[in-house]
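A.B. asks: kindly generate the corresponding structure for this input.
(one chain, ligands or ions: 1)
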Amino acid sequence: MHPDTGELLSRCPWLELDSTGTKYVCEIYHDRPEDCRHYPTHIAEMILDECEMLESEDIGDRVKGQKKLDIIMSDSRPAFRSN
Ligand code: SF4
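C.D. replies: Purely as a prediction, here's the structure:
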């Protein structure tokens, strides 16, 4: 939903083509919402969302994959705790 108009959107309003017009970037990356800072939180979420960053070895060994993901995301969120 657009934050100003309330219009339903097919993609995030902050996702914009960069100056080369070849890739999308988050226009508010450094001020992005908590949900964005925490995503993806766990491997199961990546599988469900068919995340293109997911590697086949992460599906085979989810514990190891989760540890890798937590390291990659360590500047953005705390490590995921399952219990
Ligand atoms: S990181 Fe969040 S705010 Fe930025 S483009 Fe993606 S969904 Fe939108």
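A.B. asks: switch to C-alpha atoms for all contacts and neighbour counts from now on
C.D. replies: OK.
A.B. asks: who's in contact with residue 65?
C.D. replies: 43, 57-59 (C-alpha atoms under 8 Å, 6 or more residues apart in numbering).
A.B. asks: which secondary structure element contains it?
C.D. replies: helix 62-72 (DSSP states H and E).
A.B. asks: what's the spacing between that helix and its chain's center?
C.D. replies: 14 Å (C-alpha atoms, centre = their mean, to the nearest Å).
A.B. asks: one more: stretch 64-80?
C.D. replies: That offset, for stretch 64-80, works out to 12 Å (C-alpha atoms, centre = their mean).
A.B. asks: how about stretch 45-52?
C.D. replies: For stretch 45-52, the distance to the chain centre is 10 Å (C-alpha atoms, centre = their mean).
A.B. asks: in that stretch, which residues are buried?
C.D. replies: residue 46 (16 or more other C-alpha atoms under 10 Å).
A.B. asks: can I get it in PDB, CA atoms only?
C.D. replies: The C-alpha trace of stretch 45-52 is given here as PDB (Å, rounded to 0.1, in the frame of the first residue of the first chain):
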ATOM      1  CA  GLU A  45      11.400 -18.100   5.000                       C
ATOM      2  CA  MET A  46      13.800 -18.000   2.100                       C
ATOM      3  CA  ILE A  47      12.500 -21.400   0.800                       C
ATOM      4  CA  LEU A  48       8.900 -20.300   1.200                       C
ATOM      5  CA  ASP A  49       9.600 -17.100  -0.700                       C
ATOM      6  CA  GLU A  50      11.700 -18.900  -3.400                       C
ATOM      7  CA  CYS A  51      14.500 -16.400  -2.600                       C
ATOM      8  CA  GLU A  52      17.100 -16.300  -5.400                       C
END
